[in-house]
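Visitor: sequence plus the predicted model coming up.
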Amino acid sequence: MPVQPDPGGDPDLLSAVRARYPGEAIGLPHRLDRPVSGVLLLARSAQALAALDRAFRERSVAKTYLAVVTGAVAGDLQLEHRLRHDAHAHRARTSDRGTPVRLRVHPLHRGDRYTLVAVTPEGGAFHQIRAQLAAAGHPIKGDVKYGARRGERDRSIALHAFRIALPHPLTGAPLCVEAPLPDTTTWAPWRTLWKG
């Protein structure tokens with residue numbers, strides 16, 4: 001399901017939530033790509049949305065993703081690239097003139113052909129995690145747009161927004177939200193290995 005309305009016209013999360021809470025100013029401070037699962041924040045007031053937008057802009061939001069990537073990731077990686085958004089191809093590309101981005105990668109479990117990793121992006125550039133992992137030679141399982149050999153039957157990719165931590169938009173108190181791994185065939189082999 002797309003997070004917001006898109007040209008395909010499929011039902012989207014933002015419209016569904018706005019329909020459920022018609023008197024509230026539902027806002028979307030960040031997004032997830034359609035094939036990605038996990039934590040997504042929505043604001044229920046203009047004040048909360050402004051505070052969340054500020055938190056993302058000031059980089060006081062910490063996001064942790066889980067991904068199943070191709071190949072063996074033997075140790076921690078600090079990836080640094082320059083990315084540019086190729087709107088025509090709807091993808092991010094590494095470029096000498098792109099926006100500088102960083103990604104920390106920590107291996108959690110290595111299988112025969114894939115590695116389960118924890119990923120911490122700095123910032124939130126378009127397709128940042130997908131593009132940087134692919135550029136490092138570790139495309140995400142199922143992500144044919146970025147070099148995976150084959151897609152998943154449900155068209156998802158093995159990228160999950162596991163945790164988001166930030167100051168509460170109204171009180172400032174620490175807030176941490178986690179989403180369990182999806183109960184899908186993509187994640188089934190990894191659910192028993194990941195104890196969160």
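Guide: Arrived safely. Owing to the predicted nature of the structure, the values given are computational and were not obtained by experimental measurement.

Visitor: off-centre distance for the top helix by length along the chain?
Guide: Selection of the longest helix in the chain by residue count, based on DSSP state H, yields helix 46-57. When distances are taken as CA atoms, centre = their mean, to the nearest Å, helix 46-57 is centred 19 Å away from the chain's centroid.

Visitor: which parts of this protein are helices?
Guide: Taking DSSP H as the criterion, the chain carries its helices at 13-20, 46-57, 128-135, 188-191.

Visitor: picking up where we left off before, buried ones in the longest helix of the chain, by neighbour count?
Guide: Residues of helix 46-57 classed as buried: 48, 49, 51, 52, 53, 55, 56 (neighbour count, 16 or more other CB atoms under 10 Å). Every residue, glycine included, has its C-beta placed from N, CA and C.

Visitor: using CSV, list the CA coordinates for it.
Guide: Only the C-alpha atoms of helix 46-57 are listed here, as CSV (Å, rounded to 0.1, in the frame of the first residue of the first chain):
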residue,chain,number,x,y,z
ALA,A,46,-0.8,20.9,12.7
GLN,A,47,1.2,21.6,15.9
ALA,A,48,2.4,18.0,16.0
LEU,A,49,3.2,18.0,12.3
ALA,A,50,5.3,21.2,12.6
ALA,A,51,7.2,19.7,15.6
LEU,A,52,7.8,16.4,13.7
ASP,A,53,8.9,18.2,10.6
ARG,A,54,11.4,20.3,12.7
ALA,A,55,12.7,17.1,14.4
PHE,A,56,13.4,15.5,11.0
ARG,A,57,15.0,18.7,9.6
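
Visitor: which secondary structure elements does it contact?
Guide: strand 159-167 (3 or more CB pairs under 8 Å, 6 or more residues apart in numbering; DSSP states H and E).
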